[in-house]
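**Student:** A structural model of the following input is requested.
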Amino acid sequence: FLLKNHFPTEPDPVLTVSPSWLSAGASVTLNCSVKDPSAGWKFYWFKIVPRPSDKSYRAEQLPGSSSETEQDSYIVHGQTHTAGYQFRAGRGDPVYYSYYSYSKFVWSADIHSSASLTVSPDRAQHFTSDSVSLSCEGNSTEWRVMRFSTGDSDSSTCSTWGTMTGSTCHINTDRTSDAVYWCESGSGEFSNAVNITVQGMISLHYVFL
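**Tutor:** Have a look, this model is predicted:
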C-alpha cells in the first residue's frame, strides 16, 4: 500500500464504508477518523486500482477531490461494482501527511461485471474437507484472488491461505475462515464478491440486497 510522510505520534487514520454490500441505486458513504479531529486536518479521498504484478494498489483521487476537503466524510454516487477506497489526512504549512488508511471495500454480488468470480463445486455448502476452488474470468491474463475476514484490518491474497494456479485459487480448507472473496485483474478491475462462512461446513452466500 502507498505511504507518505506521517506524524510519528499519530495513529494510522481509520476509514469506514457504508454500506459494505451494494444495493441498486444506493450511495456509498466514506467516513474517516483521525486523532484530534478538530486540530486542522484536511482530507484527501481516493479509489484504489489493483496492480497484481507487484501485489499492491494504485491510488486515484475521487472526482471532486482533486484538492483537500475539510469534511471528514465523502459520498460516492452511482457505484455499481465492487470497489476499494482510501483516504489520507494532512495539516500544517508546509503540509505533513498521515499514512494512507487501510483500504476499505464495498462489495457487489453482480456477476455481470467485466470480471467475475466463480466457485467450484457450485453448491451452497461444502464440508471443510472438500476441495474448493475460486476462479477468475474476464479480459485479463493476470489475476489474484483476495479475501477479507471479519476482524482483519486489511485484505490478503490467495497465497496466504490457499494455492494460486493461473487464474484459480484452491482454498486450503484448514485455513479458511468467515470471509468475503473476490478477484482483481491486471487491467485494474474488481469482480463480484462471494461471502463464505465456515461452521463445520463451508457455506456460500451470494448477497443480493
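
**Student:** Can you tell me the centre-most residue of the chain?
**Tutor:** Central residue of the chain (Cα atoms, centre = their mean): F105, 3.6 Å from the mean position.

**Student:** Counting by contacts, list what the strand or helix carrying that residue packs against.
**Tutor:** In this assignment (DSSP states H and E), F105 forms part of strand 104-106. Packing partners of strand 104-106 (3 or more Cβ pairs under 8 Å, 6 or more residues apart in numbering; DSSP states H and E): strand 14-18, strand 83-91. The way it works is simple: take the backbone N, C-alpha and C, and place the C-beta from them, glycine included.

**Student:** Tell me where this structure has helices.
**Tutor:** 158-161 (DSSP state H).

**Student:** Run the chain-centre distance for the strand holding F105.
**Tutor:** Remark: strand 104-106 is offset 4 Å from the chain centroid, using Cα atoms, centre = their mean, to the nearest Å.

**Student:** Contacts for it next, please.
**Tutor:** With contacts defined as Cβ atoms under 8 Å, 6 or more residues apart in numbering, strand 104-106 is touched by 15-17, 19-22, 28, 30, 79, 82-86, 148, 155, 180, 182, 193.

**Student:** ok, 7 Å please
**Tutor:** Identification of contacts with strand 104-106 by Cβ atoms under 7 Å, 6 or more residues apart in numbering yields 15-17, 19-20, 22, 28, 79, 82-85, 148.

**Student:** Now do the residue nearest to the centre of the chain, the pLDDT please.
**Tutor:** F105 carries a pLDDT value of 94.

**Student:** How about M164?
**Tutor:** For M164, pLDDT reads 93.

**Student:** just G151 next, same as before
**Tutor:** The model's pLDDT for G151 equals 68.

**Student:** again with S108
**Tutor:** Listed pLDDT for S108 reads 93.

**Student:** what do you get for Y206?
**Tutor:** 47.

**Student:** So, low pLDDT: which residues of this structure?
**Tutor:** Regions of the chain meeting the criterion pLDDT under 70 cover residues 1-11, 37-38, 64-68, 123-130, 151, 173-177, 198-209.

**Student:** per-domain residue ranges of it.
**Tutor:** As recorded under the TED database, the domains making up the chain are 14-106, 115-207.

**Student:** Endpoint to endpoint, the first one covers what distance?
**Tutor:** From its first residue to its last, domain 14-106 covers 15 Å (Cα to Cα, to the nearest Å).

**Student:** That one: how far from the chain's middle?
**Tutor:** 12 Å.

**Student:** burial of the closest residue in space to T16 that isn't next to it in sequence, as a residue count?
**Tutor:** Leaving out its chain neighbours, the residue that sits closest to T16 by Cβ to Cβ, 6 or more residues apart in numbering is N31, at 4.8 Å. Using other Cβ atoms under 10 Å, N31 has 15 neighbouring residues.

**Student:** show me the contacts for N31.
**Tutor:** T16, D72, S73.

**Student:** Quick check: it vs F148, distance?
**Tutor:** For N31, the distance to F148 equals 18 Å [Cβ to Cβ, to the nearest Å].

**Student:** State the distance from S103 to Y96.
**Tutor:** 22 Å.

**Student:** picking that back up, if you compare the helices and strands packed on strand 104-106, which one is most tucked away?
**Tutor:** The highest average neighbour count among those, using mean count of other Cβ atoms under 10 Å, belongs to strand 83-91 at a mean of 23.

**Student:** Perfect, that will be all.
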